[in-house]
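>>> need a 3D model of the sequence below.
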Amino acid sequence: MSYLLVFLILGVVIFVHEFGHYLAMRWCGVRVLEFTIGFGPKLWSTRLKNGTIFSIRAVLFGGFTKPLSARAEALGNVADWKAYYRERGELTKELKREIRGLNFRLFFDLIDWPKDSLPKDSIEAKKFLQMVFIYMAGMIVNVLFAILILAAAYYLMGGFPTGLSRWVIWAPTSLQPLVAAAVAPTHLWLMTPSMVFDLLINFKTMMSSVAGPVGIIVVGGQIVSSETNYLDCLVATLRFVGLICGAIAGFNLIPLVPLDGGRIVEMGVRRVFGCYGTLVFQIIGFTFILLVLILIFLADGTRLYHLLVGWVTTHISSMSK
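Below is the predicted model:
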């Protein structure tokens with residue numbers, strides 16, 4: 001039961017992140033076509049007054065925000081053109097080559113869109129600082145949510161971790177738990193990118209320290225189930241939620257695409273080095289993230305293996321008694 005609870009918590013944290021992007025897009029005048037809770041087959045949907053389709057998917061884990069995008073629309077148009085010429089028997093080798101090239105430039109966003117020809121409510125039409133705010137919003141809302149959750153946990157437990165004492169001694173006693181709740185996720189948010197790079201340098205340390213969804217669910221389940229009474233379990237759960245919120249925000253701060261921090265840096269790279277400099281930056285980013293995901297997959301696979309072996313061993317032992 002505790003593992004299911006942690007799975008739902010992880011989904012809520014990712015949903016909160018996406019909701020931050022949704023709020024920022026609406027604030028900046030971007031038309032949001034769809035905002036979704038979960039993924040997979042659509043269970044229920046409705047159209048809000050602002051035109052956004054709000055839907056709930058079968059797997060209640062995370063969500064996504066789909067803005068009006070000239071790039072996405074162009075990708076759809078290219079697919080339609082290809083189907084049209086194929087049906088007419090006019091899809092020549094030269095046309096296929098042109099379509100592949102256009103798809104490549106659209107996929108990696110290597111086209112400088114003329115702002116005056118774009119719909120004003122498309123995401124590509126927004127100014128540099130508006131885009132920075134949109135990319136930062138998911139992380140900011142994660143941290144704010146973590147502060148709220150941790151403040152509740154610290155007030156319930158009547159204190160806070162001693163490691164935060166030096167950051168809160170200036171505050172009145174009644175406000176120290178709130179200040180500690182603000183410091184903890186903010187510090188984790190800002191320090192996570194450097195911690196990830198440090199872990200990559202030391203492979204052995206990373207394999208024992210890094211955790212993907214499986215590792216988070218296993219560790220979180222152990223934390224939640226380790227407490228015996230209701231209040232301690234609630235406090236442990238709230239502290240775990242705050243930790244994951246700060247970690248998700250911190251991971252997204254890594255300045256490499258496709259993460260939010262990388263998208264912000266990418267806009268600067270595009271201004272200085274143009275489209276092909278952007279392509280090099282994207283290749284570096286995607287390669288790095290792919291490497292991290294492979295290491296996370298290996299670490300999670302090892303944890304899952306040991307968890308299953310332990311469960312089977314315990315089950316066999318109980319049957320033999």
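
>>> pretty sure residue 46 is in a strand, no?
Yes - Residue 46: assigned to a strand according to DSSP: H, G, I helix; E, B strand; the rest coil.

>>> contact partners for it?
Listed by Cβ atoms under 8 Å, 6 or more residues apart in numbering, the contact set of residue 46 reads 53-55. For every residue, glycine as well, the C-beta is placed using N, CA and C.

>>> check residue 154 too.
So residue 154 contacts 160, 177-178, 180-181 (Cβ under 8 Å, 6+ apart).

>>> name the nearest residue to it, sequence neighbours excluded.
residue 177 (3.7 Å; Cβ to Cβ, 6 or more residues apart in numbering).

>>> tell me the buried residues in the host helix or strand of that neighbour?
Assigned by DSSP states H and E, residue 177 belongs to helix 176-201. Across helix 176-201, burial judged by 16 or more other Cβ atoms under 10 Å covers 176-186, 188-189, 192-193, 196, 199.

>>> domain-wise, how is the chain divided?
The record assigns the chain these domain ranges, following automatic domain parsing: 73-117, 128-311.

>>> lowest-confidence stretch among the ones you listed?
Ranked by mean pLDDT, the domains of the chain bottom out at domain 73-117, with a mean of 77.

>>> tell me how far whatever helix or strand residue 284 lives in lies from the chain's centre.
Under the criterion of DSSP H and E, residue 284 resides in helix 260-320. From the chain centre to the centre of helix 260-320 is a distance of 12 Å (Cα atoms, centre = their mean, to the nearest Å).

>>> cool, stretch 105-123 as well?
With Cα atoms, centre = their mean, you get 24 Å for stretch 105-123.

>>> identify the residues contacting it?
So stretch 105-123 is contacted by 25, 29-31, 67-71, 74-75, 78, 104, 124-125, 131, 134, 275-276, 278-279, 282 (Cβ under 8 Å, 6+ apart).

>>> again, only using 7 Å
Applying Cβ atoms under 7 Å, 6 or more residues apart in numbering, the external contacts of stretch 105-123 come out as 29-31, 67-71, 74-75, 78, 124-125, 275, 278-279, 282.

>>> what subset of those residues is buried?
30-31, 67-71, 74, 78, 124-125, 278-279, 282.

>>> alpha carbons of the strand or helix carrying residue 86, in PDB - could you do that?
Assigned by DSSP H and E, residue 86 belongs to helix 70-87. Taking C-alpha atoms only, helix 70-87 is exported to PDB below (Å, rounded to 0.1, in the frame of the first residue of the first chain):
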ATOM      1  CA  ALA A  70       3.600  26.800 -35.200                       C
ATOM      2  CA  ARG A  71       6.300  24.100 -35.200                       C
ATOM      3  CA  ALA A  72       3.900  21.300 -34.200                       C
ATOM      4  CA  GLU A  73       1.400  22.500 -36.800                       C
ATOM      5  CA  ALA A  74       4.100  22.500 -39.400                       C
ATOM      6  CA  LEU A  75       5.100  19.000 -38.500                       C
ATOM      7  CA  GLY A  76       1.500  17.900 -39.000                       C
ATOM      8  CA  ASN A  77       1.300  19.700 -42.300                       C
ATOM      9  CA  VAL A  78       4.400  18.000 -43.600                       C
ATOM     10  CA  ALA A  79       3.000  14.600 -42.700                       C
ATOM     11  CA  ASP A  80      -0.200  15.600 -44.600                       C
ATOM     12  CA  TRP A  81       1.800  16.700 -47.600                       C
ATOM     13  CA  LYS A  82       3.700  13.400 -47.700                       C
ATOM     14  CA  ALA A  83       0.500  11.400 -47.500                       C
ATOM     15  CA  TYR A  84      -1.100  13.500 -50.300                       C
ATOM     16  CA  TYR A  85       1.800  13.100 -52.700                       C
ATOM     17  CA  ARG A  86       2.000   9.300 -51.900                       C
ATOM     18  CA  GLU A  87      -1.700   8.900 -52.700                       C
END
